[in-house]
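> I need the structure of the sequence given here:
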Amino acid sequence: MTWQEWLKTEQAWPIIQRISQFLSRRIRDAGLQSFSSQFNTAPEDLAADLWIYLCEHADEWEEKKPFENFIKAGNRYVVSWIVQSYLNHLRDKIRVKGVSPARYLYSRLRTVLSSHPEISFARFGNAVYYSFDGAVSCDPGNIYTGGSVGYSEWAFPEDVSEKNIYEEKTVIRVAEYFWRLVARRHSRHLWVGVKDLAGYIMSFLNLPVVTSCDGGDLEFEGFPDGNWNADYREKERNLMKSFIRNLAGCCAARLSDKEKEVILKHLREGKTLERIADEMNYSSASSAAYIKEKAYEKIRDCCVTEPNLSPPDLDREIFNDFMEYLLEFCKKSLENRNNK
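Predicted structure coming up:
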């Protein structure tokens with residue numbers, strides 16, 4: 001039996017309905033319902049959307065993950081695969097079009113350009129640059145730092161839009177297009193800043209501002225066309241610091257007291273799961289491990305709204321700062337509870 005054949009059976013729809021009920025609870029528990037304008041969250045609506053999603057991916061799955069391989073292991077493996085695939089689909093949808101499309105654009109550009117074998121990629125100072133001519137050294141004399149005039153008068157590929165800008169082939173094509181425009185204006189090949197590329201793209205696509213976890217707007221300067229001086233870089237770092245602190249507070253609020261206590265003991269105090277189980281009067285270390293994994297799952301769902309905090313372009317330094325904020329919020333929350 002194939003995925004397409006299974007979808008036509010009488011057993012498929014009841015299973016899809018049960019999965020949609022579970023997904024609805026997961027979305028609510030993860031605090032993702034604030035993004036419901038991007039997808040349906042009611043079980044009956046989710047079931048319909050999930051059905052369409054499965055039909056669209058059935059042939060692709062059959063090639064990579066044949067249905068027979070799952071059904072031999074039991075129905076629960078089929079359910080698990082569907083749940084994880086659809087959750088990842090929703091997370092990608094949120095991440096690309098949700099809270100922070102401008103930040104995602106920059107991170108997406110950085111990820112694609114840094115991993116392409118034919119593109120030279122380098123860090124200089126606090127910024128990263130790319131070039132399609134690896135023979136040119138990345139030093140101050142060979143770096144394009146933007147101009148005082150905006151990019152609105154520059155040429156831009158007509159077939160590029162918000163719908164396809166995140167695709168790898170589109171990123172590479174636009175990056176080379178912009179790089180050649182810069183080279184033509186300066187009569188030589190230069191290293192171009194990824195942020196300058198992002199600024200060029202956003203001059204034509206008008207991506208929206210960052211939104212905080214409670215739906216309010218955060219002040220976000222975007223990626224200006226001018227020079228990236230020390231003052232602006234400092235302002236950008238402060239903005240990111242404020243953003244991840246806000247996100248950490250929202251994330252901590254979604255953790256139960258037990259989850260807060262376990263991750264504090266494990267991450268901040270460095271205690272083993274066996275010792276945590278003993279201190280919290282659990283029957284075994286597996287009980288503490290279960291609570292820890294529940295906390296991590298909620299943290300992952302929070303981080304999906306910020307590219308720098310989740311793969312494939314995880315920024316370890318920013319993530320460490322986020323976790324420090326999160327643990328501090330957890331500590332204060334437990335202290336306030338104990339003082340009541």
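> ok, now how distant is L109 from W6?
Taking Cβ to Cβ, to the nearest Å as the measure, L109 and W6 are separated by 39 Å. Bear in mind the C-beta positions are built from the backbone N, C-alpha and C, glycine included.
> likewise I52?
16 Å.
> and those two? which has more neighbours close in?
W6 (19 against 9; other Cβ atoms under 10 Å).
> So for the helix or strand harbouring that one, what gets flagged as buried?
Here W6, judged by DSSP states H and E, is contained in helix 3-7. Neighbour-count burial for helix 3-7, counted by 16 or more other Cβ atoms under 10 Å, picks out W3, W6.
> got the contact list for it?
The contact list for helix 3-7, computed with Cβ atoms under 8 Å, 6 or more residues apart in numbering, reads A12, W51, L54, C55, H57, A58, D59, W61, E62, F67, I71, V78.
> Who are the packing partners of the helix or strand hosting the fifth one?
Assessed by DSSP H and E, H57 sits inside helix 43-64. Under the contact definition 3 or more Cβ pairs under 8 Å, 6 or more residues apart in numbering; DSSP states H and E, helix 43-64 sits against helix 3-7, helix 12-29, helix 75-97.
> right, and the helix or strand after that helix?
helix 67-71.
> quick one: which helix or strand includes the residue nearest to H116 when sequence neighbours are not counted?
The shortest distance from H116 to any non-neighbouring residue, by Cβ to Cβ, 6 or more residues apart in numbering, is to I172 (6.3 Å). Here I172 sits within helix 168-186, counting by DSSP H and E.
> Alpha carbons of that helix, as PDB, please.
Provided in PDB are the C-alpha atoms of helix 168-186 (Å, rounded to 0.1, in the frame of the first residue of the first chain):
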ATOM      1  CA  GLU A 168      17.900  28.800  -2.600                       C
ATOM      2  CA  LYS A 169      18.100  29.300  -6.400                       C
ATOM      3  CA  THR A 170      16.400  32.700  -6.100                       C
ATOM      4  CA  VAL A 171      18.800  33.800  -3.300                       C
ATOM      5  CA  ILE A 172      21.800  32.900  -5.300                       C
ATOM      6  CA  ARG A 173      20.400  34.600  -8.500                       C
ATOM      7  CA  VAL A 174      19.500  37.800  -6.700                       C
ATOM      8  CA  ALA A 175      22.900  37.800  -4.800                       C
ATOM      9  CA  GLU A 176      24.800  37.500  -8.000                       C
ATOM     10  CA  TYR A 177      22.600  40.100  -9.700                       C
ATOM     11  CA  PHE A 178      23.200  42.600  -6.900                       C
ATOM     12  CA  TRP A 179      26.900  41.800  -6.800                       C
ATOM     13  CA  ARG A 180      27.300  42.500 -10.500                       C
ATOM     14  CA  LEU A 181      25.400  45.800 -10.200                       C
ATOM     15  CA  VAL A 182      27.800  46.900  -7.500                       C
ATOM     16  CA  ALA A 183      30.800  45.700  -9.700                       C
ATOM     17  CA  ARG A 184      29.500  47.700 -12.700                       C
ATOM     18  CA  ARG A 185      29.100  50.900 -10.600                       C
ATOM     19  CA  HIS A 186      32.600  50.600  -9.200                       C
END
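> and that helix, average pLDDT?
For helix 168-186, mean pLDDT is 94.
> need the next SSE after that helix, C-terminal direction.
strand 191-193.
> Mind giving me the packing neighbours of that next one?
strand 120-124, strand 127-131, strand 143-144, helix 168-186.
> who does it pair up with?
strand 127-131 (antiparallel), strand 143-144 (parallel) (DSSP bridges).
> what angle separates the longest one from helix 168-186?
Inter-element angle recorded for strand 127-131 and helix 168-186: 90 degrees (by axes from the mean of the first three to the mean of the last three Cα atoms, to 10 degrees).
> tell me which residues in the helix holding I172 are buried?
By 16+ other Cβ under 10 Å, the buried positions in helix 168-186 come out as T170, V171, I172, V174, A175, Y177, F178, W179, L181, V182, A183.
> and P43, which of the helices and strands packed on helix 43-64 is closest to it?
With Cβ to Cβ as the criterion, P43 lies closest to helix 12-29 of those, at 4.7 Å.
> now what about that closest one, what contacts it?
Contacts for helix 12-29 (Cβ under 8 Å, 6+ apart): 6, 33, 41-44, 46-47, 50-51, 54, 75, 78-79, 82-83, 86-87, 90, 254, 298.
> circling back to that earlier point, what is the distance between the helix holding H57 and the centre of its chain?
Relative to its parent chain, helix 43-64 has a centroid offset of 22 Å by Cα atoms, centre = their mean, to the nearest Å.
> what do you get for stretch 270-277?
31 Å.
> Many thanks, we can stop here.
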